[in-house]
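Colleague: Structure for the following, please:
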Amino acid sequence: MSLNGNMKIYKNANLNKKHHGGVIAIGNFDGLHLGHQKVIKEAKKKAKKNNLPFGIITFEPVPVMFFNSKIKNHRINSLVQKKDQLKKLKIDFLIILNFNKNFCSLSAEKFINKVIYKKTKVKFLYVSKNFKFGFKRKGSIQTLKKYEKLYNYKSIITTPYKKNKKIISSTIIRKKITLGKIPEINKLLNREWSIKGKVIKGQRRGRKIGFPTCNLKLNDYIVPRLGVYSVKVEGPKFKKKGIANIGYRPTFNGQNLLLETNIFGINKNLYNKDISVSFKKFIRPEKKFRDIENLKKQIRIDIKKAKK
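Modeller: Residues are numbered from 1 along each chain as shown. Sure, this is the predicted structure:
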């Protein structure tokens, strides 16, 4: 078991021998919410008890986005964030399988034989009860059970995690993000939901009206409820509170969706720097103001609320 956070990352399933024959949990793990954390905790416990390495198999790109090109915004966390969060959970290794046409063409049995058996030699495989895999998603937990003796592993089916008698899932969290229910989301994630990215150049309108912003594209993140949020921002050598707007800037007739963040106490050039914007609460919906002075007045009110 990894005790120092040194997680080995594999871009395929060609594992080092020291990671053969371990415990593996397989899934998308989008958001790494309380349900995922429970599975990882249980799997780590199994690994420790049997003195085995423990790792995760996940897929890139996210399968639902691969199969449906119309879905552009879906992710709760980026791959970079997923890696960071798994490191904090002190797993031994992470396998990122390239979800492409070749991979999709593998039959369920070939996936078990070529990936699960030959490359990982896994002993205990943790999957959710609705896990589907292989060509046309024909593989299921019944398929995994069928080949256990032949390939010398045991599949362990995880039960959905419930909080207040309600199942926690990535689907439910995505829905809450679109509704701006930040305190509920943060409880289900056991941390503040955040968007991480590289600061891009905007039209500097915020700076011109006295409220400079750092702008991020949402890329393939799920789109939150449009509006103003109280946030916390982490960047190169700083952690600060701030206020963020997600939207199209209707007062300026904006066309592109952006996350614009005014960071309290920071007034330096952060272009091309990586920052993380963590969401604390929703303040108000985005709206179009009749003039710049009314917008500035509202921003001052928003900042007071964000600083509380």
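
Colleague: CA only for contacts and neighbour counts going forward, please
Modeller: Noted.

Colleague: which residue is nearest the middle of this structure?
Modeller: Of all residues in the chain, the one closest to the mean position by Cα atoms, centre = their mean is residue 77, 1.9 Å from it.

Colleague: ok, it - contacts?
Modeller: Counting by Cα atoms under 8 Å, 6 or more residues apart in numbering, residue 77 touches 30-31, 194-195, 221.

Colleague: low pLDDT regions in the stretch 151-300 of the chain?
Modeller: 204, 206-208, 250-255 (pLDDT under 70).

Colleague: my guess is residue 128 contacts residue 159, does it?
Modeller: Yes - using Cα atoms under 8 Å, residue 128 is in contact with residue 159, at 6.8 Å.

Colleague: Looking at those two, which is more packed in?
Modeller: Set residue 128 next to residue 159 and count neighbours by other Cα atoms under 10 Å: residue 128 wins out with 18 against 13.

Colleague: helix, strand or coil for the residue nearest to the centre of the chain?
Modeller: State at residue 77, reduced to three classes by DSSP: H, G, I helix; E, B strand; the rest coil: coil.

Colleague: Same check on residue 196?
Modeller: Applying three-state DSSP: residue 196 is strand.

Colleague: distance of it from residue 234?
Modeller: 9 Å (Cα to Cα, to the nearest Å).

Colleague: can you give me the helices for the stretch 201-308 of the chain?
Modeller: 205-208, 292-307 (DSSP state H, counting those that start in this stretch).

Colleague: Can you report how many residues neighbour the nearest residue to residue 117 once chain neighbours are set aside?
Modeller: Distances taken as Cα to Cα, 6 or more residues apart in numbering place residue 151 nearest to residue 117, at 6.1 Å, with adjacent residues excluded. For residue 151, the neighbour count with other Cα under 10 Å is 17.

Colleague: Residue 179 now?
Modeller: So residue 179, with other Cα under 10 Å, has 14 neighbours.

Colleague: Isn't it up against residue 224?
Modeller: Yes - Residue 179 lies in contact with residue 224 (Cα under 8 Å); the separation is 6.8 Å.

Colleague: Could you give me the buried positions within the strand ranked longest in the chain?
Modeller: Identified as the longest strand of the chain according to DSSP state E is strand 274-285. Neighbour counts over strand 274-285 (16 or more other Cα atoms under 10 Å) mark 275-283 as buried.

Colleague: Equivalent analysis for stretch 31-41, please.
Modeller: 31-40.

Colleague: Between those residues, which sits nearest residue 65?
Modeller: Using Cα to Cα, residue 31 comes nearest to residue 65 of the buried residues of stretch 31-41, at 15.5 Å.

Colleague: just so I know, which of the helices of the stretch 201-308 of the chain lies nearest residue 68?
Modeller: Among these, the nearest to residue 68 by Cα to Cα is helix 205-208 (36.0 Å).

Colleague: List the contacts of residue 57.
Modeller: 24-27, 94-97 are the contacts of residue 57 under Cα under 8 Å, 6+ apart.

Colleague: List the residues that contact residue 110.
Modeller: Contacts of residue 110 (Cα under 8 Å, 6+ apart): residue 134.

Colleague: That one falls within a helix, correct?
Modeller: Yes - membership of residue 110 in a helix is supported by three-state DSSP.

Colleague: Okay, it and residue 152: tell me how far apart.
Modeller: 15 Å.

Colleague: Now do the helices in the stretch 51-200 of the chain.
Modeller: Taking DSSP H, counting those that start in this stretch to define them, one finds helices in the stretch 51-200 of the chain at 63-67, 79-88, 101-104, 108-110, 141-146, 148-151, 170-178, 182-189.

Colleague: okay, these in JSON lines with distance to residue 293 next?
Modeller: Listed next are the helices of the stretch 51-200 of the chain as JSON lines, based on distance: least, Cα to Cα, whole Å:
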{"stretch": "helix 63-67", "distance to residue 293": "42"}
{"stretch": "helix 79-88", "distance to residue 293": "38"}
{"stretch": "helix 101-104", "distance to residue 293": "54"}
{"stretch": "helix 108-110", "distance to residue 293": "62"}
{"stretch": "helix 141-146", "distance to residue 293": "60"}
{"stretch": "helix 148-151", "distance to residue 293": "69"}
{"stretch": "helix 170-178", "distance to residue 293": "29"}
{"stretch": "helix 182-189", "distance to residue 293": "29"}
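
Colleague: Go through these and name the closest to residue 259.
Modeller: Here helix 170-178 is closest among those (Cα to Cα), at 14.3 Å.

Colleague: how far off helix 182-189 does the closest one point, in degrees?
Modeller: If you take axes from the mean of the first three to the mean of the last three Cα atoms, to 10 degrees, helix 170-178 sits at 160 degrees to helix 182-189.

Colleague: Would you mark the buried spots in helix 170-178?
Modeller: 170, 173-177.
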